[in-house]
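>>> need a 3D model of the following:
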Amino acid sequence: MNSAIYRKMAFSNIYKNRKLYIPYFIAATLTIMMNFMISSLRYSSSVNGMKHGEDVVIFLKIALVVTLIFSVVLLFYTNSFLIKRRNKELGLYNILGMEKRHIAKMMFYESVITAVTTTVLGIVLGIVFGKFMFLLLMRMIQMDSIPSFQIPLKAFEYCVGVFIVVYVATFAYNLACVHLTKPIELLHGGEIGEKEPKTKMIMAILGLICVGGGYYFAQTVTNVMSAINYFFIAVIFVVIGTYLLFMAGSIALIKALRKNKRFYYQTRHFMSVSGMLYRMKQNAVGLANICILSTMVLITVATTVCLYAGMQDSLDSSYPKEVNFVASIDEMSHMQEVEDEVNRIAKEYNAEIIEQNKYPYKTYYGIQEMKNDTFTFSINQPYPANVMSDANVAMVVYMSLADYNNVAGMKETLNDRQILIATDNKLTQKTYQMNTIDGTTSFDIQKVVPLIHLQDISSMKALTNIYMVIVKELNVENFSYNLSFNTNLPKEQSIQMSNKLSDVKSEHYYAYCQNRYEMADEFGQMYGGLLFIGVFIGTLFLMATVLIIYYKQISEGYEDRARFEIMMKVGMSKEEVKQTIRSQIRIVFFLPLLVAALHVIVSYRLIKMLILLLSIGNGGLFIHCTIATVIVFSIIYALVFLVTARSYYQIVNEK
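From the prediction side, this is the model:
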């Protein structure tokens with residue numbers, strides 16, 4: 001046969017199998033489009049050259065790697081659906097006289113048609129929507145001036161090169177499937193898995209252990225650094241456990257329902273339970289994939305939206321004033337020298353210092369011990385190897401009563417040997433004891449008061465145990481002196497003045513200065529970049545979820561058509577059969593969503609701790625963002641159910 005015949009057969013096959021190929025074409029085109037758009041931003045000289053552009057590029061590199069891995073997995077996964085669904089057709093070609101090398105040539109042209117069409121469409125759509133994606137990124141990172149939009153040549157080279165390799169790999173996989181399988185096996189390939197699945201209790205128990213272990217960690221982790229260190233381990237356990245439970249636990253549960261005669265021998269339950277038993281064997285992995293992807297969508301979008309929405313809270317907490325100047329001074333007598341230098345530089349810029357807070361404070365790190373009524377803090381003990389992840393390590397900031405009242409707006413009073421403790425932790429002790437190399441000092445704890453966020457405290461959010469000890473008078477050496485204030489300067493001059501304050505040098509102190517305007521820009525780029533990645537990756541995961549659901553429904557439709565006909569022949573009415581199938585689909589379809597919602601609920605405490613690391617202490621905001629994300633995703637999920645269920649019924653009812 002000449003090549004024209006192979007090309008004609010390839011076009012004909014794609015058209016005849018359009019119900020399978022159209023979603024595959026759409027998925028491939030969209031993944032190529034997204035890869036092209038994200039690589040255009042990654043290699044854009046405009047993005048790389050803008051202020052703080054290197055921070056944005058880091059986020060884009062992460063997004064590009066995730067998108068590439070996701071694209072490869074998704075295309076291979078959907079391709080496996082295609083080749084499995086076409087086994088019978090390819091086997092028939094073989095039996096009718098076509099050799100496997102002829103089938104290989106036909107499949108080659110199918111692959112070429114698919115690759116060229118989706119790559120061209122993907123790149124064209126990437127160019128069309130690329131500017132929108134660029135403007136969206138600029139909007140999310142809150143750029144004042146938007147640079148020109150460019151489409152770098154590297155983006156074309158990257159996408160074409162990557163997807164040539166992907167399509168060659170999928171073609172090789174398809175060839176292997178055909179060449180390593182006998183024609184008779186191809187003919188019956190769609191019927192594999194018809195035997196009743198066995199109960200695998202060991203696998204089900206392992207699944208429970210894995211999920212339970214991940215859940216246990218999420219509920220018992222005590223500090224932020226431990227959460228960071230073990231977060232991915234917990235995720236791996238939950239993912240493995242989810243797959244095991246869907247593959248084995250679901251079958252064990254359904255068989256347990258079948259043993260319950262009062263439940264099983266009812267018309268509506270008999271057919272549903274029997275049908276689900278076979279569905280779970282053939283589609284357990286697909287359902288687990290849907291569950292994991294749904295969980296990723298919910299957590300990724302909810303977390304990044306929360307971070308972005310709470311950006312102002314984070315900024316207000318960390319940088320309450322426009323200019324935040326901190327000097328490390330050796331003696332109290334040099335505080336006036338620091339103030340004079342700040343005032344001198346302010347006069348150079350004609351800056352009016354208003355709403356000023358100034359206070360000295362001393363920061364210590366040590367080991368805490370809560371025993372009976374005594375809170376003991378020791379700085380003369382060796383630190384553990386990992387200071388930040390040890391539950392006994394604490395940070396204590398000493399501050400005078402007058403300065404605390406001034407900054408916090410309080411009117412507290414103290415007697416001799418009394419202190420106030422400011423903390424976010426629960427504290428019931430009555431005595432505070434500090435151990436140093438010079439000896440032990442004890443105070444009576446008068447009361448626990450609200451914690452205010454100084455520069456040192458804001459920068460150490462990862463530490464769980466943070467306390468402020470408010471004493472009547474502060475008399476220490478080698479302490480920090482904070483001068484924070486607002487000015488009447490415009491943004492650029494304010495930043496210039498802060499940069500000059502950062503260069504201040506003296507033999508008695510060294511200092512650094514941070515400007516709220518500048519930090520607002522950095523926060524905008526950091527949280528905006530995270531939101532961009534969250535929405536982008538969430539969209540990818542959502543697309544994969546929809547596609548897997550669609551193929552699962554189509555695949556089950558073809559497999560259930562024969563069962564549908566048998567039910568009708570044995571006397572069940574069409575309405576009874578529809579009701580049975582509808583009940584069966586709903587249970588199986590919404591099970592992954594329910595498990596995903598459970599994963600999100602259990603992970604709430606852990607994710608909240610990670611969000612606190614970025615200085616966002618509003619847990620209510622994360623709850624609201626999560627609830628909103630779950631509602632929106634559930635609506636989309638339900639719409640997908642309605643559309644795919646309709647396709648399922650059409651296939652089942654075909655004559």
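>>> how about the closest residue to residue 230 other than its chain neighbours, phi and psi?
Spatially, and ignoring its direct neighbours in sequence, residue 230 is nearest to residue 217 (6.2 Å; CB to CB, 6 or more residues apart in numbering). Where you see a C-beta, it was placed from the backbone N, CA and C, and this is true even at glycine. Taking degrees, to the nearest 10, you get phi -60, psi -40 for the backbone angles of residue 217.
>>> show me the shaky parts of the stretch 201-350 of the chain.
For the stretch 201-350 of the chain, the stretches flagged by pLDDT under 70 are 222-226, 228-229, 263-283.
>>> what about 80?
Residue ranges of the stretch 201-350 of the chain with pLDDT under 80: 201, 221-232, 247-287, 289, 310, 313-314, 316-318.
>>> so where do the helices sit in it?
201-220, 224-244, 250-259, 261-264, 267-309, 311-318, 335-348 (DSSP state H, counting those that start in this stretch).
>>> and the residue nearest the centre of the chain?
Compute the mean C-alpha point of the chain, and by CA atoms, centre = their mean the closest residue is residue 300, 3.0 Å away.
>>> quick one: residues contacting that residue.
Under the criterion of CB atoms under 8 Å, 6 or more residues apart in numbering, the neighbours of residue 300 are 534, 537-538, 541.
>>> residue 203: which of those is nearest?
Distance from residue 203 was checked for each of the contacts of residue 300 by CB to CB. The minimum falls on residue 541, at 26.2 Å.
>>> out of the helices of the stretch 201-350 of the chain, which comes closest to residue 446?
Shortest distance between residue 446 and those, using CB to CB, is found for helix 311-318: 26.1 Å.
>>> report all helices and strands that the closest one contacts.
Secondary-structure packing of helix 311-318 (3 or more CB pairs under 8 Å, 6 or more residues apart in numbering; DSSP states H and E): helix 455-459, helix 516-569.
>>> what's the neighbour count on residue 610?
Around residue 610 sit 16 other residues, with neighbours defined as other CB atoms under 10 Å.
>>> ignoring the adjacent residues along the chain, who's closest to it?
With CB to CB, 6+ apart as the measure, residue 227 is the residue that lies nearest to residue 610, at 5.8 Å, once sequence neighbours are left out.
>>> residues in contact with that neighbour?
Going by CB under 8 Å, 6+ apart, residue 227 touches 221, 606, 609-610.
>>> returning to what we had before: my read: the residue nearest to residue 230 touches residue 234, true?
Yes - counting by CB atoms under 8 Å, residue 217 does reach residue 234; the two are 4.5 Å apart.
>>> what touches both of those two?
Taking CB under 8 Å, 6+ apart as the contact rule, residue 217 and residue 234 both touch residue 606.
>>> now the contacts of residue 227 as a markdown table including secondary structure?
What follows is the contacts of residue 227, written out as a markdown table (DSSP: H, G, I helix; E, B strand; the rest coil):
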| residue | secondary structure |
| --- | --- |
| 221 | coil |
| 606 | helix |
| 609 | helix |
| 610 | helix |
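>>> now the two most distant members of these.
Greatest spacing in the contacts of residue 227, by CB to CB: 221 and 610 (10.2 Å).
>>> pLDDT value on residue 421, please?
pLDDT recorded at residue 421 is 89.
>>> Three-state assignment for it, please.
From three-state DSSP, the assignment for residue 421 is strand.
>>> next, count neighbours for it.
Counted with other CB under 10 Å, the neighbours of residue 421 add up to 21.
>>> and what of residue 339?
Around residue 339 there are 16 other residues, counting by other CB under 10 Å.
>>> any idea how far residue 481 is from it?
In this view, residue 339 and residue 481 are 9 Å apart by CB to CB, to the nearest Å.
>>> so what sits against both of those two?
A shared contact of residue 339 and residue 481, defined by CB under 8 Å, 6+ apart, is any residue touching both; here these are residue 358.
>>> residue 303: what's it in contact with?
By CB under 8 Å, 6+ apart, the residues touching residue 303 are 534, 607, 610-611, 622, 625.
>>> pLDDT for the residues you listed - can I get that in a markdown table?
Formatted as a markdown table, the entries for those read as follows, by pLDDT from 0 to 100:
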| residue | pLDDT |
| --- | --- |
| 534 | 82 |
| 607 | 81 |
| 610 | 73 |
| 611 | 74 |
| 622 | 80 |
| 625 | 85 |
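>>> tell me which element residue 367 falls in.
For residue 367, the host element (DSSP states H and E) is strand 354-371.
>>> and if you look at residue 37?
When secondary structure is defined using DSSP H and E, the element that contains residue 37 is helix 18-42.
>>> report the distance from that helix to the chain centre.
Helix 18-42 has its average C-alpha position 22 Å from the chain's average C-alpha position, going by CA atoms, centre = their mean, to the nearest Å.
>>> do stretch 287-305 as well
Computed by CA atoms, centre = their mean, the chain-centroid distance of stretch 287-305 equals 7 Å.
>>> and if you look at stretch 491-505?
In terms of CA atoms, centre = their mean, the centre of stretch 491-505 is found 37 Å from the chain centre.
>>> pull the residues that contact it.
Under the criterion CB under 8 Å, 6+ apart, residues 322-323, 325, 327, 341-342, 345-346, 348-349, 351, 487, 489, 511-515, 517-518 lie in contact with stretch 491-505.
>>> returning to what we had before: number of residues surrounding the residue nearest to residue 230?
Residue 217 is flanked by 20 other residues according to other CB under 10 Å.
>>> try residue 245
24.
>>> can I assume it is in contact with residue 212?
No - contact between residue 245 and residue 212 fails when scored by CB under 8 Å: they sit 10.5 Å apart.
>>> what's near enough to touch residue 338?
So residue 338 contacts 327, 329, 481, 483, 509, 511 (CB under 8 Å, 6+ apart).
>>> mind listing what's buried along stretch 499-513?
Judged by neighbour count using 16 or more other CB atoms under 10 Å, the buried positions of stretch 499-513 are 501, 504, 509, 511, 513.
>>> now, which of the residues you listed sits nearest residue 106?
The shortest approach to residue 106 among the buried residues of stretch 499-513 belongs to residue 513, at 70.7 Å (CB to CB).
>>> surely that closest one is within a strand?
Yes - the assignment for residue 513, made by three-state DSSP, places it in a strand.
>>> please report the distance of it from residue 354.
Applying CB to CB, one obtains 17 Å for the distance of residue 513 from residue 354.
>>> burial of residue 404, as a residue count?
Taking other CB under 10 Å as the neighbour definition, residue 404 ends up with a count of 24.
>>> now do residue 311
By the other CB under 10 Å criterion, the neighbourhood of residue 311 contains 22 residues.
>>> how close does it get to residue 543?
According to CB to CB, residue 311 stands 27 Å off from residue 543.
>>> what does residue 442 give?
As for residue 442, its distance to residue 543 is 63 Å (criterion: CB to CB).
>>> what about these two, which has more around it?
The residue with more neighbours, out of residue 442 and residue 543, is residue 543; 19 against 13, by other CB under 10 Å.
>>> the more buried one is in contact with residue 29, isn't it?
No - taking contacts as CB under 8 Å, residue 543 lies outside contact range of residue 29: 11.0 Å.
>>> circling back: buried among the contacts of stretch 491-505? Make that a ChimeraX selection.
Under the burial definition 16+ other CB under 10 Å, those of the contacts of stretch 491-505 that qualify are selected in ChimeraX by:
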select :322,323,325,327,341,342,345,346,351,487,489,511,513,514,515,517,518
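>>> closest to residue 423 among the contacts of residue 303?
The shortest separation between residue 423 and any of the contacts of residue 303 is 19.7 Å, and it belongs to residue 611 (by CB to CB).
>>> may I ask you to confirm that the closest one belongs to a strand?
No - per three-state DSSP, residue 611 lies outside any strand segment and is helix.
>>> and it, what does it touch?
Counting by CB under 8 Å, 6+ apart, residue 611 makes contact with 303, 306-307, 310, 622.
>>> again, but for residue 451
With contact taken as CB under 8 Å, 6+ apart, residue 451 is in contact with 422-424, 457, 466-468.
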